[in-house]
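K.L.:
for reference, the sequence and a predicted model appear below.
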Amino acid sequence: MVSNQIIGGTYGGYPEDLARETEILAQEDGRAGRFQGGAISVNYRKCGKKNCICAKPGHPGHGPQYLWSMTIKGKSYAKNLRFGPELKEYVEETDDYRGFVELCSELVELNERICVYSTAGSILIILFL
C-alpha cells in the first residue's frame, strides 16, 4: 500500500481531486467587486491646546480618525477616510484583497501539489507502508 507521505512533506489526494479543488477555488474568485491592498488604521491625536480636554492625562485624544495607507513600488500613499460609506467601501475592498491573496496562495499550493504528484516517480521517493 502506498502512503500519502512523500519525503519532504505530506501529500494528499490524486490529480483528479486536486484539479477539482482548483476549479472550485477558481469559481470562488468569481465574486464581483473591486479590491485593493493597504491597511486601515484608527488613530487618536492630541491637538496641543493646553485647555483642551485631550490635554488631560489619560485622555486618548481627538478621534477616531481613519487612515488608509499603502506602499506601491517604494512610494507611500495615504488617505484620510470619512466615517460612513467611504470607510465601509475601503474596509470591504481591503478585506476582498486579503481574500484574493489567500485564494491565490491556495491555487499556487494546489498546482504545486499537482506538479509534485505528476513528477513524484522521477523526483521524490514515495514511502511504502
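P.N.:
Received it, and whenever you're ready, just let me know what you need.
K.L.:
now for V91, how many residues are close by?
P.N.:
14 (other C-beta atoms under 10 Å). C-beta here means a position set from N, CA and C on the backbone, and glycine is covered the same way.
K.L.:
chain neighbours aside, what residue packs nearest to it?
P.N.:
I40 (6.2 Å; C-beta to C-beta, 6 or more residues apart in numbering).
K.L.:
residues contacting the one you found?
P.N.:
The contact partners of I40, taken as C-beta atoms under 8 Å, 6 or more residues apart in numbering, are 66-68, 81, 87, 90-91, 94.
K.L.:
show me the strands in this protein, by range?
P.N.:
2-6, 9-10, 39-45, 62-72, 75-81, 126-128 (DSSP state E).
K.L.:
now mean pLDDT and distance to V116 too, for those, in JSON lines please.
P.N.:
Below are the strands of the chain laid out as JSON lines (pLDDT from 0 to 100; distance: least, C-beta to C-beta, whole Å):
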{"stretch": "strand 2-6", "mean pLDDT": "35", "distance to V116": "7"}
{"stretch": "strand 9-10", "mean pLDDT": "39", "distance to V116": "8"}
{"stretch": "strand 39-45", "mean pLDDT": "93", "distance to V116": "34"}
{"stretch": "strand 62-72", "mean pLDDT": "92", "distance to V116": "34"}
{"stretch": "strand 75-81", "mean pLDDT": "92", "distance to V116": "39"}
{"stretch": "strand 126-128", "mean pLDDT": "42", "distance to V116": "11"}
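K.L.:
where does the prediction get shaky in this protein?
P.N.:
Regions of the chain meeting the criterion pLDDT under 70 cover residues 1-33, 118-129.
K.L.:
may I ask you to name the longest helix in it?
P.N.:
What stands out as the longest helix in the chain, according to DSSP state H, is helix 85-123.
K.L.:
hang on, the earlier thing: bridging residues for the residue nearest to V91?
P.N.:
W68 (DSSP bridges).
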